[in-house]
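> Here you go, sequence then predicted model.
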Amino acid sequence: MTPSIRPWQRAGVVIIGSAVLAGCQLGPRPVHDNWALPRGEWRIVAHSAPGITAMSPVEAAGYVGGTISYGTDSVASGSDRCAKPVYLANLVYAERYLYRQYGLRTANLGLYRHQDVRVTEVFCAGTKWRGLGGHVVWVDHERGYAIRDGVWFELRRAAPPG
């Protein structure tokens with residue numbers, strides 16, 4: 001004999017299941033506060049190539065010492081400029097994001113496995129900005145990693161926003 005499931009029991013299972021799935025959110029969570037946006041000048045202090053790259057080590061080393069400047073009305077990296085940037089920021093789980101997007105482990109960038117990180121993308125004239133710093137994984141308010149051609153460039157704050 002099969003036990004009958006009452007409608008209120010079915011509704012309870014759906015509510016509990018939805019709550020569990022909401023707590024296990026895998027995707028990016030949009031960030032609308034200004035704290036998530038890069039501002040100020042950032043110095044490129046190091047580079048690493050934990051996977052396949054399209055850039056030589058010598059070329060990557062040439063970026064070290066350079067700066068990326070983020071402002072409300074412009075962004076600049078080397079000779080790349082954008083006069084009216086739009087920033088899109090998301091909070092993501094580092095381990096899942098890095099592995100799914102780049103095949104990396106968090107240890108490749110010196111991060112903790114269960115760490116949340118901010119990811120910022122810069123758009124210029126409606127398209128993704130292709131300059132170094134157009135896509136950055138921010139570890140905290142003082143350090144981030146920008147990617148270009150498979151090479152990760154460590155960014156450190158050089159000057160506060162101003």
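Structure received.

> Could you look up the SS state of the closest residue to Leu37 other than its chain neighbours?
Of all residues not flanking Leu37 in the chain, Tyr87 sits nearest, at 4.8 Å (Cβ to Cβ, 6 or more residues apart in numbering). Every residue, glycine included, has its C-beta placed from N, CA and C. Classification of Tyr87 using DSSP: H, G, I helix; E, B strand; the rest coil returns strand.

> In this structure Tyr87 contacts Arg118, no?
No. Between Tyr87 and Arg118 there is no contact, the gap being 10.6 Å when judged by Cβ atoms under 8 Å.

> Now the common contact residues for the two.
Counting by Cβ atoms under 8 Å, 6 or more residues apart in numbering, Tyr87 and Arg118 have no contacts in common.

> The two: which is more packed in?
Arg118 (21 against 18; other Cβ atoms under 10 Å).

> tell me which element that one falls in.
For Arg118, the enclosing helix or strand under DSSP states H and E is strand 116-124.

> This structure: helices as residue ranges?
Using DSSP state H, the helices of the chain run over 7-23, 57-61, 94-102.

> Can you read off the pLDDT for the most centrally placed residue in the chain?
Central residue of the chain (Cα atoms, centre = their mean): Val119, 2.0 Å from the mean position. On pLDDT, Val119 comes in at 92.
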